[in-house]
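[1] everything below, folded, please.
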Amino acid sequence: MAKRRAPREGPDRWGWTVILWLCAVLAALAPLPVAETAPGEGAGAVVRAREEAFARSMADRDHAAFVSFLAEEAIFCGTTVLRGRTAVAEGWRRVFAGPTAPFSWAPERVEVVASGTLALTSGPVFDPAGRRIGTFTSTWRKEADGVWRIVLDSFCPPCDCAGASHTPSLE
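    Take a look at the predicted model:
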């Protein structure tokens, strides 16, 4: 007569089953890694279009449209620092007073963080004759309503960099 084996007790019997179940549960619950690469072209294209529309508000002399691109806590840095949508709107009202725009700008660079919530735009600023007079840099934030608005903006005049040392390369 064949001897019947008693079922195994302890970790040998259930160990592998439990381990496999735990692995499956942990894998399902693990957060997805944040991409170290650039987000899809979608966010960058949207931000570029917003920057271009923002620039168009100046060309069209549309102060209300200009203000619509500003986050409530926007900061514009120039010869003075303007803090908040209301202060920026009032500070820039005089720039919209004349029939022609005193300057124009266009984005050359658009960078979006991997989370898709912040973006940087920068590019040349031109006088009415089309001469480059500086560079703008804007930081955009995707707000709770899903609309990208400017939170930081600055202007740098061109520098005479002939004698300046070069920025060190990080590569």
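[2] packing partners for the host helix or strand of G44?
    Here G44, judged by DSSP states H and E, is contained in helix 41-59. If contacts are counted by 3 or more CB pairs under 8 Å, 6 or more residues apart in numbering; DSSP states H and E, helix 41-59 sits against helix 63-68, strand 104-105, strand 109-112, strand 118-126, strand 132-142, strand 148-156. All C-beta spots, glycine's among them, are computed from the backbone N, C-alpha and C.
[3] so which of these gets nearest T79?
    strand 148-156 (9.3 Å; CB to CB).
[4] got the contact list for the closest one?
    46-47, 50, 54, 69-71, 73-78, 119, 125, 134-143 (CB atoms under 8 Å, 6 or more residues apart in numbering).
[5] one more pass at 7 Å, please.
    46-47, 50, 69-71, 73-78, 119, 125, 134-143 (CB atoms under 7 Å, 6 or more residues apart in numbering).
[6] averaged pLDDT, that strand. What do you get?
    Averaged over strand 148-156, pLDDT sits at 96.
[7] ok, that strand: who's next to it in the sheet?
    Paired strands of strand 148-156, with direction, are strand 70-77 (parallel), strand 132-142 (antiparallel) (DSSP bridges).
[8] possible to save those as TSV with mean pLDDT?
    Output for the strands paired with strand 148-156, formatted as TSV (pLDDT from 0 to 100):
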stretch	mean pLDDT
strand 70-77	98
strand 132-142	97
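[9] now render these as JSON lines, adding mean neighbour count.
    Listed next are the strands paired with strand 148-156 as JSON lines, based on neighbours: other CB atoms under 10 Å:
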{"stretch": "strand 70-77", "mean neighbour count": "18"}
{"stretch": "strand 132-142", "mean neighbour count": "18"}
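[10] could I get the ones you listed as CSV with distance to G91?
    Putting these into CSV (distance: least, CB to CB, whole Å) gives the following:
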stretch, distance to G91
strand 70-77, 7
strand 132-142, 16
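[11] okay, now the unreliable bits of the protein?
    Applying pLDDT under 70 to the chain flags the ranges 1-41, 160-171.
[12] now do 90
    Residue ranges of the chain with pLDDT under 90: 1-41, 78-79, 157-171.
[13] so which of the helices and strands packed on helix 41-59 gets nearest R93?
    helix 63-68 (6.2 Å).
[14] specify the beta-bridge partners of the nearest residue to T117 once chain neighbours are set aside.
    Counting by CB to CB, 6 or more residues apart in numbering, K142 is the residue found nearest to T117 once chain neighbours are left out, at 4.9 Å. Bridge pairing for K142 (DSSP bridges) gives the partners W148.
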